[in-house]
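1. Okay, predicted coordinates and the sequence, questions at the end:
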Amino acid sequence: MRFHQKRRGFLAALVAMGALCASGGHVAAQSQKPETPNVTVGLSVNDSTFLPIYLAEAAGFYKAEGLNVKVLAFRGGSDLTRALVAGSVHIGVAAPTSVLAAINAGENVKVFFGGFNQAPFFWFAAPPIKTMAEVKGKRIGITRFGSSTDALTRFALTMAKLDPKTDVRIVQGGGSAERLAAMETKQIDAGIFTWPHNFAAEDRGYNLIARQSDFMPDFPIQSFYAMQAFIDKNPQTLKAALRAFIRAVRLAREDRGLSVKTLVSRAGLEEKYAGRAYDQLIDGWREDGRLATEDGMKKFFDMAIAAGDVDSPWPREKYWDDRFAASIDDWKP
């Protein structure tokens, strides 16, 4: 009983905080009423990098903006993008890798906001493997084919002078937790992990064989995207959702304790790892919606080329709808 009382109190405090923090933008939200209040937001996986999305929902920021938001987690960016193209998801949040694939398939999809600029991936392997080069002939786990973890893993393999098509077997394994479990049951020999599962992999005695930050200064790990038709028809809806995101980024910076609790309750992190993950992630969330740095985007396209997703870097207008970032001073909270 005492646990449930504390949980109810915690949730009530979140809702109250959401109403308080959102009050400054309430007039703007009313004067720019969303075209549609019911929005489904899809996440590529359930992961610590999505903390602002979880906070915006739990703290009531979406409701304060006049939105009824349903958040769904998928088993990779490729699965999410298929759902978005099919119309069951309105807004996707995943690495732009999935957007490139959709555009190549003839779908009119655009990234319309960034704000997640981290390089949070690590590759671990079971002993005696100690380097990425030693993965040759082994099985390496990713989330889904066509996802950012797939593209990053193929790029990391090429950096180690391995051919992803012939030198290793790439295995679809779901999220980081599922891949870690697959390593423990010897279904894969190595895998790509993000915070905090890299800490867990290290604690279990697996060897760190590569870091994303070794070859990428930063990375557009997640981005907001949608069908161009939805963007064109619902600009106020998207601004409302983005205002909620911006408030959540500010809340994440201001309240470490609440953020850590949310990582435990929503992202499924173990409490002993949640604080470490938060400390690594906090500087990468950007309320101005920027993508990665110029060097980071160059490396992103180097990765996409290595993965066979594109033949050359794309001009930004091919995948980016600039209207929200360009006008942010007019609508941000």
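-> Cool, the structure landed. Numbering: from 1, shown residues only.

2. List the residues that contact the nearest residue to Pro196 once chain neighbours are set aside.
-> Of all residues not flanking Pro196 in the chain, Tyr273 sits nearest, at 3.3 Å (CB to CB, 6 or more residues apart in numbering). Yep, even glycine has a C-beta here, placed from its N, CA and C like the rest. Tyr273 makes contacts with Trp195, Pro196, Phe199, Ala200, as judged by CB atoms under 8 Å, 6 or more residues apart in numbering.

3. Would you check how far apart Tyr273 and Val260 are?
-> Using CB to CB, to the nearest Å, Tyr273 is found at 10 Å from Val260.

4. now swap in Arg250 and tell me
-> Per CB to CB, Arg250 is found 16 Å from Val260.

5. Have a look at the two and say which one is more surrounded.
-> Ranked by neighbour count (other CB atoms under 10 Å), Arg250 and Val260 place Val260 first, with 20 against 16.

6. can you give me the strands for the stretch 201-333 of the chain?
-> Taking DSSP state E, counting those that start in this stretch as the criterion, the stretch 201-333 of the chain carries its strands at 207-211, 220-227.

7. My assumption is that Pro34 lies in a strand; please confirm.
-> No - counting by DSSP: H, G, I helix; E, B strand; the rest coil, Pro34 is not found in a strand; it is coil.

8. Quick one: low-confidence residue ranges for the stretch 1-150 of the chain.
-> Applying pLDDT under 70 to the stretch 1-150 of the chain flags residues 1-31.

9. Mind jotting down where the helices sit in it?
-> For the stretch 1-150 of the chain, applying DSSP state H, counting those that start in this stretch gives helices covering 2-22, 26-31, 51-58, 61-64, 77-86, 97-104, 148-159.

10. For Val71, which of the strands of the stretch 201-333 of the chain is the nearest?
-> When the strands of the stretch 201-333 of the chain are compared by CB to CB, strand 220-227 sits nearest Val71, at 13.0 Å.

11. of all the strands of the stretch 201-333 of the chain, which gets the most neighbours per residue?
-> strand 220-227 (a mean of 25; mean count of other CB atoms under 10 Å).

12. That one pairs with which strands, parallel or anti?
-> For strand 220-227, sheet partners with direction are given as strand 91-94 (antiparallel), strand 109-117 (antiparallel), following DSSP bridges.

13. CA-only coordinates of the shortest one, as CSV, when you get a sec.
-> If I follow you right, that is strand 91-94. Coordinates of the C-alpha atoms in strand 91-94 are reproduced here as CSV (Å, rounded to 0.1, in the frame of the first residue of the first chain):
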residue,chain,number,x,y,z
ILE,A,91,5.3,11.4,-35.9
GLY,A,92,8.4,9.2,-35.8
VAL,A,93,11.4,9.7,-33.6
ALA,A,94,14.5,7.8,-34.8
